[in-house]
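*Asks:* Dropping the sequence and predicted coords here.
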Amino acid sequence: MTKKALIVGASGIIGSATADVLHNDGWRVWGLARKPSRQGTAIPVAADLLDPASLAGALAGLDPSHVFISSWLRQPTEAENIRVNSAMVRNLLDALRPARSVRHVALVTGLKHYLGPFEAYGKGMLPQTPFREEQGRLDVDNFYYAQEDEVFAAADKDGFNWSIHRPHTVVGKAVGNAMNMGTTLAVYAAICKETGRPFQFPGVAAQWESLTDMTDARLLGRHMVWASTNEQAANEDFNVVNGDVFRWSWMWTRLAQWFGIEPVHFDGEVRPLQVQMAEDAPIWRDIADRYRLVEHDLSRLASPWHTDADLGRPIEVVTDMSKSRKLGFLDYQSTDDAFFNLFERLRADKIIP
């Protein structure tokens, strides 16, 4: 079998979706994580990306032709983000080098390539929207750039091709993920429904009124497989979004309708989820008990800080995908249906009531 893939971050939103895409296409798939799931479609491989010895032992005997990297560790400062997350990529590619099997490495970063790191998110001189790949890097330290540089250096040394994938906010299913708007909003809506609390938009006027887009994890997985197996897409960076645009003033009503609750329209006052959900852990435990849900720990489902960051941006965020379209990737996913599909899966898996 020549189609052999190693997914790094296989238990996350992007990694698990990509594993399904590859598995359904007949690939042999290994899924590397510190605590890999044994319930997915990937063969679990347990390793710590910051421990070279752990990596060497875990990867011994594996000969992946394609590597998909969708893992990172959040640190308190951008300097630490750069140090830790670049080391993770470097250690991984060093550990794979002896097998000489890798033909392509796909790295997932994101729109902080254009918006700046968490410490300067959406501030300073930013490129015009829609964001385009040719706009390049900002003049600021960014761990995404450091991760890219590690991939480029290893590609020069080992002779493999690469692709960089920049999704907008990703909608998909995972538990324990640090950046998970879809499940966060599902849990928030469930709490509002159970308690009678108003379903209030947590963001700012710019996000309520302006156009935006998002990325379905399944579409992102298909995009990575396409780029890694298409010669024309080799050694290119790509934006990856669903293909539609919307305003949150419309989407908020759509989400409320799915849960059978009334949306509260934005009235000019910002109400961050970190504030709204600050005391919700015991409320969620009670809901989980009553409905016999599988996850009682609110912190493993909701990431209010991340949702607040995305919905608190003071600028419009729209992403251009012309490069992919010109090269033949034409997949499309409506974002409201992406949310609804996720909610249905969460309900079927007893994660939300």
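*Replies:* Arrived safely. Numbers count the residues shown, from 1 in each chain.
*Asks:* neighbouring contacts of stretch 249-263?
*Replies:* Outside stretch 249-263, the residues within contact range by C-beta atoms under 8 Å, 6 or more residues apart in numbering are 185, 189-190, 192-193, 198-199, 201, 208-209, 265-266, 335-336, 339-340, 343. To be clear about C-beta, it is placed using only N, CA and C from the backbone, and glycine gets the same treatment.
*Asks:* let's see it at 7 Å
*Replies:* 185, 189, 192-193, 199, 201, 208-209, 266, 336, 339-340, 343 (C-beta atoms under 7 Å, 6 or more residues apart in numbering).
*Asks:* For Leu96, see how far away Trp208 is.
*Replies:* Distance of Trp208 to Leu96, computed by C-beta to C-beta, to the nearest Å: 45 Å.
*Asks:* more crowded one of those two?
*Replies:* The neighbour count for Trp208 versus Leu96, taken as other C-beta atoms under 10 Å, is higher for Leu96 (23 against 19).
*Asks:* I'd say that one and Val102 touch.
*Replies:* Yes. Judged on C-beta atoms under 7 Å, Leu96 makes contact with Val102 at a distance of 5.5 Å.
*Asks:* Residues that sit against both of the two, list them.
*Replies:* Common neighbours of Leu96 and Val102, using C-beta under 7 Å, 6+ apart, are Val67.
*Asks:* same question for the longest helix seen in the chain, mean pLDDT?
*Replies:* Assignment by DSSP state H gives helix 78-96 as the longest helix of the chain. If you average the pLDDT over helix 78-96, you get 97.
*Asks:* And stretch 325-345, by the same measure?
*Replies:* 98.
*Asks:* what does stretch 146-162 give?
*Replies:* Stretch 146-162 comes out at a mean pLDDT of 98.
*Asks:* Then stretch 38-57?
*Replies:* Here the average pLDDT along stretch 38-57 is 90.
*Asks:* Can you name the residues in contact with that stretch?
*Replies:* Contact with stretch 38-57 is made by 7, 10, 16, 19-20, 23, 29-32, 34-37, 58, 71, 84, 87-88, 91-92, 94-95, as judged by C-beta under 7 Å, 6+ apart.
*Asks:* distance between the ends of it?
*Replies:* The straight-line separation of the ends of stretch 38-57 (C-alpha to C-alpha, to the nearest Å) is 19 Å.
*Asks:* Tell me the buried residues in that stretch?
*Replies:* Neighbour counts over stretch 38-57 (16 or more other C-beta atoms under 10 Å) mark 40-45, 47, 49, 52, 54-55 as buried.
*Asks:* How about stretch 111-122?
*Replies:* Within stretch 111-122, the residues that qualify as buried are 111-118, 120, 122, counting by 16+ other C-beta under 10 Å.
*Asks:* and if you look at stretch 237-255?
*Replies:* Using 16+ other C-beta under 10 Å as the test for burial, stretch 237-255 gives 237-243, 245-246, 248-249, 251-252, 254-255.
*Asks:* CA atoms only for it, dumped as CSV, please.
*Replies:* This file holds the C-alpha atoms of stretch 237-255, laid out as CSV (Å, rounded to 0.1, in the frame of the first residue of the first chain):
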residue,chain,number,x,y,z
ASP,A,237,0.0,28.0,0.8
PHE,A,238,-3.8,28.0,0.7
ASN,A,239,-6.7,29.7,2.4
VAL,A,240,-9.5,27.2,3.1
VAL,A,241,-13.1,28.3,3.8
ASN,A,242,-16.5,26.9,3.0
GLY,A,243,-17.3,29.1,0.1
ASP,A,244,-20.3,31.1,1.5
VAL,A,245,-20.3,34.3,3.4
PHE,A,246,-22.8,35.5,6.1
ARG,A,247,-23.4,38.0,8.8
TRP,A,248,-23.8,36.9,12.4
SER,A,249,-27.0,38.9,12.6
TRP,A,250,-28.4,36.2,10.3
MET,A,251,-26.5,33.2,11.6
TRP,A,252,-27.5,33.9,15.3
THR,A,253,-31.1,33.5,14.4
ARG,A,254,-30.4,30.3,12.4
LEU,A,255,-28.6,28.8,15.4
